[in-house]
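> just need the structure, nothing else, for what follows:
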Amino acid sequence: MSRRSRPRGGSVLRLPSARIAVVILAAILFLAIFGSVLAPQNPLTINSNALFQGPGKAHLLGTDYLGRDVLSRLMAGTRLSVLTALEAVGIGLVIGAPLGVATVFLGRTFDFVANRVGDALMTLPSIFFAVAVTAALGNGLVQAMFPVGILLIPYFFRITRAATIEFARAQYVEAAELLGGSRLHVIRVHVVRKVFPTIAVTTASLTGAALLSVSFLTFLGIGVQPPTPTWGGVLSSDLNYLNLAPWAPFIPGALIAVTVGALNALADAYRDKAGPGTLLLPEADPASLTHSTLEAADARQPAA
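Numbers count the residues shown, from 1 in each chain. Purely as a prediction, here's the structure:
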């Protein structure tokens, strides 16, 4: 077998980009757990004598418009920013991925209804939907991320469904059914395991998208109650005083960008390890998944 024709495999950590991404994400996870405890200063303490100070010994990343330590606020705000992003992804994953698998096996009527509901959710304007739901449930970041999770369901659903169609009519699946395997056993053992790489890549990619959504909503002041620190909230307050502290927005902005980049790099590395069975291509964004990919998969789906 030639080198080019060998199947991809091995540990995802063999790729340098994956190792760097894991280190970054491990640091972010550490901050999410211990950031509030390890913050060098109280992130809520106002110091009128230290307004807009630049990075220095007393404040490694400077201070904001109220004299609060920026490093402490970013460290303390990591937990809320990360947990709410995971909340949104969890909602989309738990509902969307099982539905994507189920539609392939429950007949065309169920498949048609599920697809139409997914299409309807994808047409909703995300910001207005989040604002409306937050107004109904209360102005909290947990409530604000609930509609974001609802809007992620169609992406998990459509990508998982397309991947499931690829494997549902494979010869080993037909052989397992002919040998007397139950439908549930065949789906769990012979289909879901093959679809898992696609689900894993999609989860990593959409976690980055959810983190951007958290930052964007808090940037707009939606779902967060001042003076609670969040990454987007710190960025928003810094942008209001660019003339006094032009360096300030780059710090939270870089933190958000590096975290999202690490998630995308890990998703790319896992996709490369999983090989061509993973439907999410390098240049594909879940939010802009073309209908042609899904229609090509539909053409291979057997009649119920």
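> quick one: Ala163 and Val201 touch, right?
No: in this structure, Ala163 is not within contact of Val201 by CB atoms under 8 Å, at 9.9 Å. All C-beta spots, glycine's among them, are computed from the backbone N, C-alpha and C.
> isn't Trp192 up against Val104?
Slight slip there: residue 192 is Val, not Trp. No: counting by CB under 8 Å, Val192 does not reach Val104; the two are 11.3 Å apart.
> and the two? Which one has more around it.
Val104 (26 against 17; other CB atoms under 10 Å).
> contacting residues for the more buried one?
Asp111, Arg161, Thr164, Ile165, Ala168, Gln301 (CB atoms under 8 Å, 6 or more residues apart in numbering).
> centre of the chain versus the helix or strand hosting it, how much separation?
Taking DSSP states H and E as the criterion, Val104 maps to helix 70-105. Computed by CA atoms, centre = their mean, to the nearest Å, the separation of helix 70-105 from the middle of its chain amounts to 6 Å.
> give me the mean pLDDT for that helix.
Helix 70-105 shows a mean pLDDT of 92.
> list the buried ones in that helix?
Buried residues in helix 70-105, defined by neighbour count with 16 or more other CB atoms under 10 Å: 70-82, 84-93, 95-97, 99-105.
> keep only those of the contacts of Val104 that are in helices.
Asp111, Arg161, Thr164, Ile165, Ala168 (DSSP state H).
> related to what we said a few turns ago, now for the contacts of Val104: which two are most distant?
Farthest pair in the contacts of Val104 (CB to CB) is Asp111 and Ala168. Separation: 11.8 Å.
> and Thr63, its phi and psi?
phi -130, psi 160 (degrees, to the nearest 10).
> list the contacts for it?
When contacts are counted by CB under 8 Å, 6+ apart, Thr63 is found next to Asn47, Ala50, Leu51, Phe52, Gln53, Asp69, Val70.
> now, those residues that are in helices?
Val70.
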